[in-house]
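Student: mind folding the following:
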Amino acid sequence: ALREEVADVLDPLGLRLSQAKTRITHMSDGFDFLGFRIQWKRKGGTTKWHVYTFIADRPIRSLKAKIRALTGRTSQQDLATVLIRLTQIMRGWANYFKHAVAKHVFDRLDAFVWWRLIRMLRERHSWSWGDVRRRFTTPTGRWRPIEADGIELFRVASVTVSRYRYRAGTIPTPWQPANPV
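Tutor: Residues are numbered from 1 along each chain as shown. Below you'll find the predicted structure:
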């Protein structure tokens, strides 16, 4: 009945509902849409429930595959070229997903990219860990960014996550959680 009701709404717009792709699910189970995972969850430390928008697993796996392809340990590409391409890919990806609950994912991706580049450079130059520390730390022990020919590694975590403004108080919620905690 719900599918027919939605089909009636879409019909005047010239759209049709795909029976094969449409799935009816409870909001606490969540669903994936355009790379986002939309799910109703309880806010930590409270008893209030909110709809959150997370980054789905598939786009993260896809981004990591692209990074792995660029930073193979035996890659012979110039480091500056690799940094330019990584920056293009990661900047576009981060700007698309910056409206989700994404800060933790961005931090993990930063660490992932940094380690991939360090492993690539260690293999390429036969560096020990001491060589890496000598090259990428200041005399005070702080880590320098990875850079080549004035091109610095783009940090995904530097993208500001701008979640949507708070509207939960004005949106009525007729649902109850599937598994109340």
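Student: extract the CA atoms of the worst-scoring helix or strand of the chain on mean pLDDT and return them as CSV.
Tutor: The weakest-scoring helix or strand in the chain, judged by mean pLDDT, DSSP states H and E, is helix 2-10 (a mean of 80). C-alpha atoms of helix 2-10 as CSV (Å, rounded to 0.1, in the frame of the first residue of the first chain):
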residue,chain,number,x,y,z
LEU,A,2,2.9,2.3,0.8
ARG,A,3,4.5,1.7,-2.5
GLU,A,4,1.3,2.5,-4.4
GLU,A,5,0.9,5.7,-2.4
VAL,A,6,4.5,6.8,-3.2
ALA,A,7,4.0,5.8,-6.9
ASP,A,8,0.9,8.1,-7.0
VAL,A,9,2.9,11.0,-5.7
LEU,A,10,5.8,10.5,-8.2
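Student: quick one: residues in contact with it.
Tutor: Under the criterion CB atoms under 8 Å, 6 or more residues apart in numbering, residues 16-17, 19, 22, 24 lie in contact with helix 2-10. In this view, the C-beta of every residue, glycine as well, is placed from N, C-alpha and C.
Student: and the closest residue in space to F36 that isn't next to it in sequence, how far from L34?
Tutor: Nearest non-adjacent residue to F36, counting by CB to CB, 6 or more residues apart in numbering: T53, 5.1 Å away. According to CB to CB, to the nearest Å, T53 stands 10 Å off from L34.
Student: doesn't I38 fall inside a strand?
Tutor: Yes. Remark: I38 belongs to a strand, assigned using DSSP: H, G, I helix; E, B strand; the rest coil.
Student: which stretches in this structure count as strands?
Tutor: For the chain, applying DSSP state E gives strands covering 31-33, 36-42, 49-55, 147-148, 151-152.
Student: format the ones you listed as JSON lines; extra columns: mean pLDDT and distance to T160.
Tutor: JSON lines is the format used below for the strands of the chain (pLDDT from 0 to 100; distance: least, CB to CB, whole Å):
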{"stretch": "strand 31-33", "mean pLDDT": "85", "distance to T160": "23"}
{"stretch": "strand 36-42", "mean pLDDT": "88", "distance to T160": "18"}
{"stretch": "strand 49-55", "mean pLDDT": "88", "distance to T160": "16"}
{"stretch": "strand 147-148", "mean pLDDT": "92", "distance to T160": "22"}
{"stretch": "strand 151-152", "mean pLDDT": "94", "distance to T160": "18"}
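Student: now render the ones you listed as TSV, adding mean neighbour count.
Tutor: Below are these laid out as TSV (neighbours: other CB atoms under 10 Å):
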stretch	mean neighbour count
strand 31-33	13
strand 36-42	17
strand 49-55	17
strand 147-148	14
strand 151-152	14
